[in-house]
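Novice: From the sequence below, what's the structure:
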Amino acid sequence: MFFSVRRVSVVLTVALLAQLGLSLVTQPKAAVAAEQVDLKLNVKSAILMDAASGQILFEDRADTPLPPASMAKMMTEYLTMEAVKSGKFSWDEMVTTSQNAADVIGSGGLLALNEQVSMKDMFAAMSIYSANDASVALAEKIAGSEEEFAKMMNAKAKEFGLSEQAHFINATGLSRADMGKYAPKELQGETLLTARDAAIIAYNILKDHKEVLEYTSIPSKKFREKDKTPMINWNWMLAGNKDNINFKKYAYEGLDGLKTGSTDDAGYCFTGTAERNGMRLISVVMGTPKEPTRFEETRKVLDYGFSNFESKPVLTAKQEIDSLKTVNIKKGVATQVPVVTQTGVNFVVKKGATPDQFTITAQPVEESKLVAPIKSGDVLGTVKVTYQGTEKVANLIANEDVEKGSWFRLFFRAIKNFFVDMVTGAKKE
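Specialist: Numbers count the residues shown, from 1 in each chain. You can find the predicted model right below:
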């Protein structure tokens, strides 16, 4: 079977665009078809994404909706970190274990009814050990009930621009049948995600809350100091497992997250992320038949990415653009101001890409904004870089101050321009 790299695109949110000074579409869109690749994957779906831009490097049935199992907890992680970062909660706040949290089946089994644990420790249990009880407890703490939290998950899914099939019914990824009497009353159906959806959630976590890696990279940790045995991370591929006799054959250089998942319906799934040579990739495999298989197939996907692609800086910050080194301004001491790029522009490209494969064009902002006084750093134009159907746009900024010209200076400049125009017009006639 052949799998095509069909979408070279970006999933940058408005917040990231503002920080980077870029202007891009926010979700993947079809681009120029790339070469076909056969990775011989034993999966129901898979995808590979550049974590910096959201550019898709490889996909296999990536838009097929499937049960994600505990990979759904990535959204629980995102909303928890968002709630703390916003100031609504603190990591030191205590969370009381409800009957629902204490009764939930599956991974975890750490909490007793009415036991109180800090949000930070609950989050660690969820991120390291995929603890269902900790996930439910956090959901109830943040939203009042698990079903209300699931509604928040669905709202965030729309904000991220996930597929129409993306749907959450709980904080854990368990099936409705496994929830028993705690199954939601208002939310129908089952939790479903596409591989692309999972990658986009991971992308947003790494963009907005990269501190999650401080937890997901931990191979093992005791939930309580008095516990006899530690929580063992279900992610066998962690780089930190390179010396672990049980997992060292799976350990992958640079891999520090992100979320495993398995149920009878979902099979074995894994959203992984690894960084090498300044390039971070996100991989998703769904529906593998056995637990080791999800890591073996992830290795194939990541190896393909790191072997065939590289992060290439096309433009650097503070760089001159040959086609627009200066911008004309009005009412200034000077009539022009030099401009440079506000930020760099990087593309993830096939190794060996040559400069002639990139098209660079620049233009000033509208004339009404090109009026002195001008401060260094003011946005005076844009530069667009195009590579194989993907466009990235960076701001061009003033590289020096230009003061407003005096009335006297502007008056005589106007006279000069008047006579220059007369002479130029006469020559044309």
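Novice: How about the contacts made by Asn235?
Specialist: If a contact means C-beta atoms under 8 Å, 6 or more residues apart in numbering, then Asn235 has 216, 255, 257-260, 270, 272 as its contacts. Quick note: C-beta positions are derived from backbone N, CA and C, even for glycine.
Novice: Which of these fall in helices?
Specialist: Per DSSP state H, helices hold the following members of these: Thr216.
Novice: If we only consider the contacts of Asn235, which is nearest to Leu66?
Specialist: Phe270 (12.9 Å; C-beta to C-beta).
Novice: Neighbours of the nearest residue to the closest one once chain neighbours are set aside, how many?
Specialist: Counting by C-beta to C-beta, 6 or more residues apart in numbering, Phe270 lies nearest to Arg294, which is 4.3 Å off, once chain neighbours are set aside. Using other C-beta atoms under 10 Å, Arg294 has 29 other residues around it.
Novice: What distance do you get for Arg294 to Val212?
Specialist: 20 Å (C-beta to C-beta, to the nearest Å).
Novice: what's the answer for Val337, then?
Specialist: 43 Å.
Novice: Okay, strands next: where are they in the stretch 101-250 of the chain?
Specialist: Counting by DSSP state E, counting those that start in this stretch, the stretch 101-250 of the chain has strands at residues 116-118, 220-221, 231-232.
Novice: Tell me the buried residues in stretch 141-155?
Specialist: 141-143, 146-147, 149-154 (16 or more other C-beta atoms under 10 Å).
Novice: I should have written stretch 292-301 there, sorry.
Specialist: Within stretch 292-301, the residues scored as buried using 16+ other C-beta under 10 Å are 293-301.
Novice: so the closest residue to Ser70 other than its chain neighbours bridges to which residues?
Specialist: Closest residue to Ser70 apart from its sequence neighbours, by C-beta to C-beta, 6+ apart: Gly261 at 3.6 Å. Beta-bridge pairing for Gly261 (DSSP bridges): Cys269.
Novice: Renumber starting at 30 from here on
Specialist: From this message on, residue numbering opens at 30, which makes the last subject Gly290.
Novice: ok, now which ones touch Gly290?
Specialist: With contact taken as C-beta under 8 Å, 6+ apart, Gly290 is in contact with 97-102, 159, 202, 297-299.
Novice: May I see those arranged in a markdown table, with pLDDT, distance to Phe189 and neighbour count as well?
Specialist: Formatted as a markdown table, the contacts of Gly290 follow (pLDDT from 0 to 100; distance: C-beta to C-beta, whole Å; neighbours: other C-beta atoms under 10 Å):
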| residue | pLDDT | distance to Phe189 | neighbour count |
| --- | --- | --- | --- |
| Pro97 | 98 | 14 | 30 |
| Ala98 | 97 | 19 | 30 |
| Ser99 | 98 | 19 | 27 |
| Met100 | 98 | 14 | 29 |
| Ala101 | 98 | 14 | 29 |
| Lys102 | 98 | 16 | 29 |
| Ser159 | 97 | 22 | 26 |
| Gly202 | 97 | 17 | 31 |
| Tyr297 | 98 | 24 | 22 |
| Cys298 | 98 | 19 | 30 |
| Phe299 | 98 | 20 | 31 |
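Novice: Many thanks, I have nothing further to ask.
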